[in-house]
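**Student:** next input, structure requested:
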Amino acid sequence: MPSGRLAAVSALILALGCAACDSSGGAADGGWTPLEAPTGLQPGASIAADAPDRVEKSLLTTLPGLDRVAIDPEYADDVASPVCGNKQGPQAYSSESGMRREWRGPQVKVHQFAGAFGAVTAEQAIDQVAGKLACGSYPAQDRDGGEYTGVHKVTVPSTRLAFCETSPGKNAFCTGLLARDDILVRIQVAAVDEAAATKLLGDVTGQSSEVLRKAW
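**Tutor:** Next comes the predicted model:
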């Protein structure tokens with residue numbers, strides 16, 4: 001092929017390849033690729049090699065007055081929060097190297113999740129959840145059915161975002177989301193009323209924030 005025509009073809013290929021590389025998150029700026037965007041999967045190359053180690057170090061080991069219970073599977077990835085029916089898909093990215101733990105006590109339950117993010121940062125994953133909270137209510141996704149109602153933001157120190165809702169069982173269910181660099185931590189508390197749930201959430205997220213800080 002003549003050199004002039006070859007150059008023209010090469011230029012066309014480059015132009016087509018960069019058509020999706022816009023400033024909102026294309027491959028040119030280290031974001032997702034067009035193939036990965038609809039799936040909600042993190043580009044593997046964007047996850048730090050030491051992320052699994054820091055995820056585990058970000059988890060609490062004990063909670064005073066509560067008993068840790070076995071959870072299966074312990075290793076599981078997730079979006080920042082399933083509130084308002086939020087699930088993996090376009091703009092709602094799932095973690096990598098996710099881990100879960102759970103504690104229970106009289107009339108309370110605490111669930112912790114930690115996972116790594118990359119091209120979509122942990123803070124961006126939390127901010128995506130914040131945009132969902134206007135739903136007010138949504139159907140439960142488990143086999144027992146029912147509906148979560150009264151979704152609203154609350155102020156909890158140490159969190160980037162916190163909110164409460166009423167579970168199908170009529171218990172208060174409050175969530176706190178924390179982030180440091182590429183690691184996201186989610187704390188969920190179920191209690192008999194919102195006052196008890198937010199108090200315990202504040203205590204646990206305070207401890208979790210300190211553990212997260214020391215994970216590096």
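**Student:** check which helix or strand covers Thr149.
**Tutor:** Using DSSP states H and E, Thr149 sits in strand 147-153.
**Student:** mind listing what's buried along that strand?
**Tutor:** Judged by neighbour count using 16 or more other C-beta atoms under 10 Å, the buried positions of strand 147-153 are Tyr148, Val151. (Glycine included, C-beta is placed from N, CA and C.)
**Student:** strand partners of that strand, parallel vs antiparallel please.
**Tutor:** Its sheet considered, strand 147-153 pairs with strand 138-139 (antiparallel), strand 161-166 (antiparallel) by DSSP bridges.
**Student:** what's the most buried one of the ones you listed?
**Tutor:** strand 161-166 (a mean of 21; mean count of other C-beta atoms under 10 Å).
**Student:** CA-only coordinates of that strand in CSV, if you can.
**Tutor:** C-alpha atoms of strand 161-166 as CSV (Å, rounded to 0.1, in the frame of the first residue of the first chain):
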residue,chain,number,x,y,z
LEU,A,161,-22.1,9.2,53.5
ALA,A,162,-24.6,7.8,56.1
PHE,A,163,-28.3,7.0,55.8
CYS,A,164,-31.0,5.2,57.6
GLU,A,165,-34.2,3.3,56.5
THR,A,166,-36.8,1.0,58.0
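**Student:** any idea of the mean pLDDT for the following helix or strand past that strand?
**Tutor:** Using DSSP H and E, the helix or strand that follows strand 161-166 in sequence is strand 172-180. Averaged across strand 172-180, pLDDT comes to 97.
**Student:** sheet-wise, list the partners of strand 172-180 with their directions.
**Tutor:** strand 161-166 (antiparallel), strand 183-191 (antiparallel).
**Student:** can you redo those strands as a markdown table with distance to Ile126 and mean pLDDT?
**Tutor:** A markdown table is the format used below for those (distance: least, C-beta to C-beta, whole Å; pLDDT from 0 to 100):
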| stretch | distance to Ile126 | mean pLDDT |
| --- | --- | --- |
| strand 161-166 | 5 | 97 |
| strand 183-191 | 7 | 98 |
